[in-house]
Each structure stands twice: as structure tokens, then as C-alpha cells.
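Student: here is a sequence together with a model predicted from it:
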Amino acid sequence: MTSNKLTYSKSGVNIPKADSFVKFISSLTRKSSKSGDFKNIGGFGAVSTIPKKYKEPHIVTSTDGVGTKIEIANDLNKFDTIGIDLVAMCVNDLLVQGAKPYLFLDYISVSKINLSKLKNLVRGIINGCNIANCKLVGGETAEMPGTYSKGKFDIAGFAVGLVEKKKLLHNKIKNNDLILAVPSNGLHSNGFSLVRYVIKKKRINLKTNKFLKEELIRPTKIYVKELSIINEKNLINGCANITGGGLADNLKRIIPKNLGAEINLNNIKTLKIFKWLHKMGIGDKEMLKTFNCGVGFCLVINPKNLNKIIKYFGRNFKPYVIGKIVKNSKKVKLSGKISW
């Protein structure tokens, strides 16, 4: 006999599947080399201690998502790397303050639970946490029938970092400091609405285009290892994560009053994906405003520290000079032209 009683499952929410997913995350985090003493998955809140090595610890927090890069993941049916992007977008922002990532939480909202997809998402998040040397300690998975169309989802992350008070990157930038570009490894997680518009307008089949398939799903570079070392050694005066808004808008956020930045665009070493987008009809101004154009991070340093810093970066991410700090009320001045 069929029951006529109203149930949560009839509304489209599957609690048993959600419980199964939580158990999977819990088992995965226990296996992670970074899980340590954190056994909070499935609880109401994550409990943690502040490491005793800090004398004057300051907490730095960041939250972010991956934008419409999730639509690329959906189009390619590839979900094991988008979680790395999620971690990267949060922890790279912590580095700007001088903090080291410590804890990470995620939020996943879906139309209907697909365990295979969700497991791949979480594998990517844990992979990103391992790269960033932090720990996934909790999160939320929300099944929201009627809010998202079939197969659609969204993810958000929340990161907590710690920094010793004397290591905070505040008010250290000085006149005549050099500005270095640390290369990106591609688009990272910005500008994908414009990228998808180009693909649609040019009627490009993403699934059959090997170049775009590789470039568009490539996960965001996580700069934790390199930045943590050079900040620990007091080799940087400031830094900026080059995300939405590009070079100018992100550098503006860190430059002190009465100082400015002069950037020589001729020096920028851009990447093939940005040259392709420019060729598709996106103008110079829009490219610089929307994309990182090959510069994933900027470092502001005392010139004497240049050679010391370079040795801590791998071959593909060696920093190079693109400008300097000057006395100027105009925050960022761009000159020259990127070679596309």
C-alpha cells in the first residue's frame, strides 16, 4: 500500500544520502596527513586550539567561492579539481596579511545529492587543504530542490589563518620598494562569465577543444608554501592576490597613503590562454580589468631582497620585477603594453 503521508523525501531532500556523504568526508579527513587532532566532521561545530608557538597570535579570516568556473566543471563533468580552486581563493587572501592557513570549512549547495559528484568535490577540497597545509574541519551540504536546476550546484569556502603580530604585513611598504610579479598558472577562478560568453559567441565545442579543456579546468595556484617561507624570513613588505579587478584594483588595496605604484606592462610574461582570449576580441583594458593576465600574485619588497626571494620559488613561478613604489597620490599607474 502506498503511503499518502507527507515526508521530507517527497519534497526532494534525501537525508540518508546526506548522512552517507558526511560519513565519507569524516573517513577521508581521518586519512589526511593534515587532519591531526581535528575530529569535528559531523558535529555541530568545529573545536580547535591555537598552537602554543604563537606569542601574540592574530586570527585572519577569508571567505570566497569559485564563481562560474563551476559551470566549466559541469560542462566537462570533472569535479575533482574545483575544490582546489575553492581552497586557493580563500587561503591566498590570507597570505596578503602574512597569515598561514590553519582551518578550512566548506559550503556545498545542490539541487539533488549526487554522491559521486560530491565525493569528487570533497576530494579536491582536501587535496587543496593538503597543498595549503591546513585542515578541513567542517562544513555544510545543503540539498535545495527548486532552488537550483537539475545538476547545478554552488560551493563556498571559509578559511582561518594565524599570524604572529610582528609578522603582519601592515604599513611596511616603503618608497622605492620593488614590485614583483609571481606567475599565475592560468585563469585561476576569475573572469569565467566572460570566458563562457566568448565560448558561446564563437560557438566553440568545449568538450572537443583539447587546449581549452585543459586550460579552463586547471586549478588555481596555491602560494602558501612560498609565501609562508619568505614572510617568516622577513623578506617582503607587502603582497597582493591578483584576482577579479586585475593588477590595478588589487594593488590599490595594499598601497599606503601618499605612495603609488608604477607598473611597466612591457615586463609582464603572459600565458597562452590570455593571448587566446585577447585574440578572440577582448580588448587590452578589459583583459587587464578582468583577468590576472599571467600575474597571480604581487610582492612588494626591499630591492636588496630580490635574489634571496627568487630562490624559494619553483622554475615556473619565479618572481620578476614589473614596477616600483613611488611617492604619488595616484595609487597605480600602468604604462607600456602587454605583448599578446
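Tutor: Great, that's in hand.

Student: from here on, contacts and neighbour counts on C-alpha atoms
Tutor: Noted.

Student: what segments of the stretch 151-300 of the chain are strands?
Tutor: In order along the chain, the stretch 151-300 of the chain carries the following strands (DSSP state E, counting those that start in this stretch): 153-164, 178-183, 238-241, 259-264, 295-301.

Student: and of those, who's closest to Leu216?
Tutor: Comparison of the strands of the stretch 151-300 of the chain against Leu216 by Cα to Cα identifies strand 295-301 as nearest, at 15.4 Å.

Student: mind putting the strands of the stretch 151-300 of the chain in TSV, mean pLDDT and distance to Phe104 included?
Tutor: As requested, the strands of the stretch 151-300 of the chain are exported to TSV (pLDDT from 0 to 100; distance: least, Cα to Cα, whole Å):
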stretch	mean pLDDT	distance to Phe104
strand 153-164	96	5
strand 178-183	98	24
strand 238-241	96	19
strand 259-264	96	33
strand 295-301	98	21
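
Student: mind giving me TSV with those and columns for mean neighbour count and distance to Arg218?
Tutor: Below are these laid out as TSV (neighbours: other Cα atoms under 10 Å; distance: least, Cα to Cα, whole Å):
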stretch	mean neighbour count	distance to Arg218
strand 153-164	22	17
strand 178-183	24	14
strand 238-241	25	18
strand 259-264	21	27
strand 295-301	26	14
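
Student: export those to a markdown table and tack on distance to Ile322?
Tutor: As requested, the strands of the stretch 151-300 of the chain are arranged in a markdown table below (distance: least, Cα to Cα, whole Å):
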| stretch | distance to Ile322 |
| --- | --- |
| strand 153-164 | 28 |
| strand 178-183 | 6 |
| strand 238-241 | 13 |
| strand 259-264 | 6 |
| strand 295-301 | 9 |
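
Student: can you show me the helices along the stretch 101-250 of the chain?
Tutor: With DSSP state H, counting those that start in this stretch applied, the stretch 101-250 of the chain shows helices at 115-131, 192-201, 210-217, 224-232, 246-252, listed in chain order.

Student: okay if I get the ones you listed as CSV plus mean neighbour count and mean pLDDT?
Tutor: CSV is the format used below for the helices of the stretch 101-250 of the chain (neighbours: other Cα atoms under 10 Å; pLDDT from 0 to 100):
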stretch, mean neighbour count, mean pLDDT
helix 115-131, 20, 93
helix 192-201, 15, 97
helix 210-217, 15, 96
helix 224-232, 17, 96
helix 246-252, 20, 95
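
Student: wait, isn't Leu162 in contact with Pro101?
Tutor: Yes. Counting by Cα atoms under 8 Å, Leu162 does reach Pro101; the two are 6.6 Å apart.

Student: format the helices of the stretch 101-250 of the chain as CSV; extra columns: distance to Gly151.
Tutor: Rendered in CSV, the data for these read as follows (distance: least, Cα to Cα, whole Å):
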stretch, distance to Gly151
helix 115-131, 10
helix 192-201, 18
helix 210-217, 18
helix 224-232, 33
helix 246-252, 31
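
Student: looking at those helices, which is closest to Ser48?
Tutor: helix 115-131 (16.1 Å).

Student: how distant is the closest one from the center of its chain?
Tutor: 15 Å (Cα atoms, centre = their mean, to the nearest Å).

Student: flag the shaky bits of the stretch 1-150 of the chain, pLDDT-wise.
Tutor: With pLDDT under 70 as the threshold, the stretch 1-150 of the chain has low-confidence stretches at 1-4, 6-43.
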